[in-house]
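> sequence first, predicted model second:
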Number of protein chains: 4
Amino acid sequence: MQLGMIGLGRMGGNMASRIREAGHSIVGFDRAPDSGRDVASLEDLVSALAAPRVIWVMLPAGAPTDSTITALASLLAPGDLVIDGGNTRFIDDKAHAEELGARGVHFLEVGVSGGVWGPKNGYALMAGGEQEDFDRALPIFEALKPAGEAGLVLAGPVGAGHFSKMVHNGIEYGMMQALGEGYATLKHSELIGNPSEVIASWRAGSVVQSWLLDLLTIALEQDPDLDSMPPVANESGEARWMVEVALELGVPVPATTAALFARQTSRGGSDDALKVVSALRGQFGGHITEK
Amino acid sequence: MQLGMIGLGRMGGNMASRIREAGHSIVGFDRAPDSGRDVASLEDLVSALAAPRVIWVMLPAGAPTDSTITALASLLAPGDLVIDGGNTRFIDDKAHAEELGARGVHFLEVGVSGGVWGPKNGYALMAGGEQEDFDRALPIFEALKPAGEAGLVLAGPVGAGHFSKMVHNGIEYGMMQALGEGYATLKHSELIGNPSEVIASWRAGSVVQSWLLDLLTIALEQDPDLDSMPPVANESGEARWMVEVALELGVPVPATTAALFARQTSRGGSDDALKVVSALRGQFGGHITEK
Amino acid sequence: MQLGMIGLGRMGGNMASRIREAGHSIVGFDRAPDSGRDVASLEDLVSALAAPRVIWVMLPAGAPTDSTITALASLLAPGDLVIDGGNTRFIDDKAHAEELGARGVHFLEVGVSGGVWGPKNGYALMAGGEQEDFDRALPIFEALKPAGEAGLVLAGPVGAGHFSKMVHNGIEYGMMQALGEGYATLKHSELIGNPSEVIASWRAGSVVQSWLLDLLTIALEQDPDLDSMPPVANESGEARWMVEVALELGVPVPATTAALFARQTSRGGSDDALKVVSALRGQFGGHITEK
Amino acid sequence: MQLGMIGLGRMGGNMASRIREAGHSIVGFDRAPDSGRDVASLEDLVSALAAPRVIWVMLPAGAPTDSTITALASLLAPGDLVIDGGNTRFIDDKAHAEELGARGVHFLEVGVSGGVWGPKNGYALMAGGEQEDFDRALPIFEALKPAGEAGLVLAGPVGAGHFSKMVHNGIEYGMMQALGEGYATLKHSELIGNPSEVIASWRAGSVVQSWLLDLLTIALEQDPDLDSMPPVANESGEARWMVEVALELGVPVPATTAALFARQTSRGGSDDALKVVSALRGQFGGHITEK
């Protein structure tokens, strides 16, 4: 089938290639002239596609996605389908659906997991929207997803896809933190000669077998003490959003929160609280930790 | 090779079968007459084995293992090798090594992961002890471990095997908690029609691909709302020990601790703290939550 | 001075009494006929007050407060002043200010701490708004606040008062949880004969001297094992809002979050996550904790 | 009464002064010649005291205290009483009691809270031992404790005093962290002009009124942004010991643990876990946070 792809960056470009390899036709657009785009404007993109159109938006969440959806709402025709595959926060999906829906344009939102391994292994896709729209886009999803039965789900109505991706990322944070805590405990113990070998051994037969464990093994082969890695990690929003949702739902998520706080702390977020602790220790005990 | 196996319960019995299937000879002993044992006493076990003997102890940690090692120390001869494959706390391994070493008996300790899947998939083995002893027992380890290169490690000197298994279990706690938090967040959201389908979809292409995710998918196929599961989980000690070790090492392990606390809380461990909260709310605000 | 008071429930009624005792004149209104109200409608309240009016709204946050402010916006005259002393979420204050401001009506919002001890000890007041409005209401604040210099602050513009109260309550959660954890540890130890006596002893000379400790001592005198207290506590929203704000600010608040999660867990919020843990333990280990 | 005091450092020296001011007679010993000691050796100290002797040991926990108690066991006579007022870990108290008890020497252990404010306000004292020994030392305790009824408890048998102090310090950690988190949230918000004023206002009428809040107010008066304070705090062991005890008792202490982890993290304890997170983000997403 024919697909318009907006956003030909690392994610969008790789996805477009995988879709083409599956035999589909892509018309690509990106603001950057050197992006390998097929058309030079949204208007040209819309003109180049046969109705009813299917257009995949793969842009940074927020303003770039918002403004593109607004533009598409005025350019597209009833019956066309827009798919937002970016990292939009799930609570923003409904407004996009309504904006397009007011013009009769259909909308799917899809959480995409895959990163640098997606081009090779396929992308995990979590969609939200109507079943009929999902079915219409199914050939594209089949091209993007990994081989086999898993890797694709219609999770619910609009919002459910990005909600699922958000929860996926929250679990990811918790698993990464668990691995990090285990590695650190091994590394600080005098009993363990080589934490890397212990971790590598767990890739078979153990309960913690996982893709993240495989990746950690690779990373430790490349850099056994992780000396090249900064003891600092940014948070990209999704685990934070999950914690906020869970707070409102009354569902405690302490491991996810611990992972999130570890990253925020690594960026200096705890400094002011620690200054209070230092100040109080100074006040009542005369203890001041040296800077 | 020939191996004495002490303890023919679920773990020991299954392991003995897997070792036999690999072509080795097992002389099994268990206190229970109906255990399928080959000999009726430790003395008979020792007599039945050709020197230098290799004996695998697969008993509950604590008194059963301790007393058996003490008995073996008096029955065995210099050059014999005892392997403790039970869940002994790593800080107790050294005493076992010394007790046996005083008689010239060698010692390996091995953390074993595998559970009900071990007979089919093989067991992950983390050993602690001397290289020469490890090499001597290697045919047995090869029989027990999964096919492929992973699943076996000599982690360091005596203690390092159970230490590694302890850390493995701590990571396991954290990963399970992360999955639990994600599932709970999906389940409480009105957006998600069927959390089971979302979770099943993650088995390919996603960052959270893991054996635990596969098992969760199976569990959800059997019982989509987990209605048959109690909202309660015991803790078996190893994550707790890991947290204690990490505390002493100055290595914060908040995700692991969160997972441990969740289990302790599910057993009522937080009740007294909550009673204080209730009492204080009553004192200053007149709020009493109904029982 | 003259003050209109809307809401004569436990908080509003006690506060009105304290203000009257300080020599001010109160015209009280409440929807309930048996509330001891002075007037039977908002219209009558407005008529009964001399311009420029000062009206204190002491109603439950959300719809009751929202609708009252909307009504006042149409009834009051430019130069009048409305004070919201309820537990409004700080992010809602600005809309109230704008709604009233469109009519020329001034607005202060005040976080009030005090509970059942307020009538006797005075109320801690955290205000948000303009300095001139704060100064106008100062006689009322002086009547409500405790004796001495502390207990009253103009924290910043509209929103800052409820923000401060929100943070106050978050700290309160953390302190209560810390006390609860300490009490529980004492109680579970065989070494400590009587946790109540230990806690009572800390009221002087210790670092943990605090009003909450005093209240805990009283509670333990009344019920030494807290047998009458449920091991369950509701959360009233404010600590949750603080955690959400801190998450967005990138400020880790792990102790506050721990306190909040303890309450949510006591209401069953962790049950689904625990069911996952149980299910996974069953899948890989054959362990099922009995219900 | 007459008291021997071993250790005339900041704590011991101040305590000796307070005891003298209450009219008691002190014979002081310290290894340092310039300590203002009354005698130059333990032997001289014992000779200078009339039997039955009462000797207060106020030394660093561990080797200094251990060796002094061993020396006293050989120098003292049956019926003498040794009081350990240092920060000995509670699990070490029993050995001290047994070592002295073998010689007929009585033993009390006392957790002492007070720091730099003790000389002025008095010290909170938590004792463990026999009632008769407690009664014998009561005049000294009365001299040290604050005025009023609180500030002194016989918490149970030997070990209970330091156990109580350990729990006290755990609560202290939690309260300090709660205050730190609150301050940091205020400081990062654009709504709050001056966090110091908000915090100072809470000293009356609020639920969080406490000595630590008073001290924080003082600290913020001295240094409104805490610029002179390092965002780093050491942990002195006692909260860690409490967490370990609670872990073994099955009592979750998440707020205390959060406070402890915050300090360990501030000393770099989380760096290796974060390096794993960075490494994994690099492996699957190509994200590397810049150092």
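That came through fine.
> quick one: is stretch A:51-70 near chain C?
No: residues of stretch A:51-70 contacting chain C under C-beta under 8 Å from any C-beta of the partner chain: none, with a closest distance of 14.8 Å. (Each C-beta comes from the backbone N, C-alpha and C, glycine too.)
> quick one: mean pLDDT over that stretch.
For stretch A:51-70, the mean pLDDT works out to 97.
> buried ones in that stretch?
A:53-59, A:61, A:65-66, A:68-69 (16 or more other C-beta atoms under 10 Å in any protein chain shown).
> farthest pair within those residues?
A:Arg53 and A:Ala61 (22.5 Å; C-beta to C-beta).
> rewinding a little: arrange the buried residues of stretch A:51-70 in JSON lines, one row each, with distance to D:Glu235 as further columns.
Output for the buried residues of stretch A:51-70, formatted as JSON lines (distance: C-beta to C-beta, whole Å):
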{"residue": "A:Arg53", "distance to D:Glu235": "62"}
{"residue": "A:Val54", "distance to D:Glu235": "58"}
{"residue": "A:Ile55", "distance to D:Glu235": "56"}
{"residue": "A:Trp56", "distance to D:Glu235": "52"}
{"residue": "A:Val57", "distance to D:Glu235": "50"}
{"residue": "A:Met58", "distance to D:Glu235": "47"}
{"residue": "A:Leu59", "distance to D:Glu235": "46"}
{"residue": "A:Ala61", "distance to D:Glu235": "40"}
{"residue": "A:Thr65", "distance to D:Glu235": "46"}
{"residue": "A:Asp66", "distance to D:Glu235": "47"}
{"residue": "A:Thr68", "distance to D:Glu235": "51"}
{"residue": "A:Ile69", "distance to D:Glu235": "51"}
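> between the residues you listed, which is closest to C:Glu235?
Using C-beta to C-beta, the buried residues of stretch A:51-70 come closest to C:Glu235 at A:Ala61, 30.5 Å.
> which residues of chain A score low on pLDDT?
A:287-291 (pLDDT under 70).
> the longest helix seen in it and chain B in contact?
Across chain A, the longest stretch assigned as helix under DSSP state H is helix A:160-188. Yes: using C-beta under 8 Å from any C-beta, helix A:160-188 reaches chain B at A:160, A:163-164, A:167-175, A:177-179, A:181-182, A:184-186, A:188.
> list of residues touching the helix or strand following that helix?
Counting by DSSP states H and E, the element after helix A:160-188 in chain order, helix or strand, is helix A:195-201. Outside helix A:195-201, the residues that touch it by C-beta atoms under 8 Å, 6 or more residues apart in numbering or on different chains are A:182-183, A:186-187, A:192, A:213, A:216-217, A:220-221, A:224, B:124-126, B:150-153, B:155, B:164, B:167.
> do the same with stretch A:90-97
Stretch A:90-97 is contacted from outside by A:61, A:65-66, A:69, A:82, A:84, A:88, A:107, A:109, A:128-129, A:158-163, A:166, A:241, B:191, using C-beta under 8 Å, 6+ apart.
> which of these count as buried?
Buried among the contacts of stretch A:90-97 by 16+ other C-beta under 10 Å: A:61, A:65-66, A:69, A:82, A:84, A:88, A:107, A:109, A:128-129, A:158-163, A:166, A:241, B:191.
> could you pull out the strands for the stretch 101-250 of chain A?
Using DSSP state E, counting those that start in this stretch, the strands of the stretch 101-250 of chain A run over A:106-113, A:124-128, A:152-156.
> so which of the ones you listed is the most surrounded?
strand A:124-128 (a mean of 29; mean count of other C-beta atoms under 10 Å in any protein chain shown).
> what pairs with it, parallel or antiparallel?
strand A:106-113 (antiparallel), strand A:152-156 (parallel) (DSSP bridges).
> residues in contact with it?
Under C-beta under 8 Å, 6+ apart, the answer for strand A:124-128 is A:90, A:93, A:108-114, A:134, A:137, A:141, A:144-146, A:150-165, A:168, B:191, B:198, B:201-202, B:204-206.
> now it against helix A:160-188, angle please.
Angle of strand A:124-128 versus helix A:160-188, following axes from the mean of the first three to the mean of the last three C-alpha atoms, to 10 degrees, is 140 degrees.
> off-centre distance for strand A:124-128?
Distance, stretch centre to chain centre, for strand A:124-128: 11 Å (C-alpha atoms, centre = their mean, to the nearest Å).
> and for stretch A:159-179?
9 Å.
> is chain D contacted by that stretch?
Yes: counting by C-beta under 8 Å from any C-beta, chain D has neighbours in stretch A:159-179: A:176-177, A:179.
> in TSV: the residues you listed, plus neighbour count.
Listed next are those as TSV, based on neighbours: other C-beta atoms under 10 Å in any protein chain shown:
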residue	neighbour count
A:Met176	33
A:Gln177	34
A:Leu179	27
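> need the contact list for A:Trp241.
So A:Trp241 contacts A:89-90, A:166 (C-beta under 8 Å, 6+ apart).
> count the neighbours of A:Ile83 for me.
Each residue near A:Ile83 was counted by other C-beta atoms under 10 Å in any protein chain shown, and the total is 28.
> and it, what helix or strand is that in?
Taking DSSP H and E as the criterion, A:Ile83 maps to strand A:81-84.
> that strand near chain B at all?
No: Strand A:81-84 does not reach chain B (C-beta under 8 Å from any C-beta); its nearest approach is 15.5 Å.
> that strand: how far from the chain's middle?
On C-alpha atoms, centre = their mean, the centre of strand A:81-84 falls 17 Å from that of its chain.
> what's that strand packed up against?
strand A:54-57, helix A:63-75, helix A:93-101, strand A:106-113, helix A:131-144 (3 or more C-beta pairs under 8 Å, 6 or more residues apart in numbering or on different chains; DSSP states H and E).
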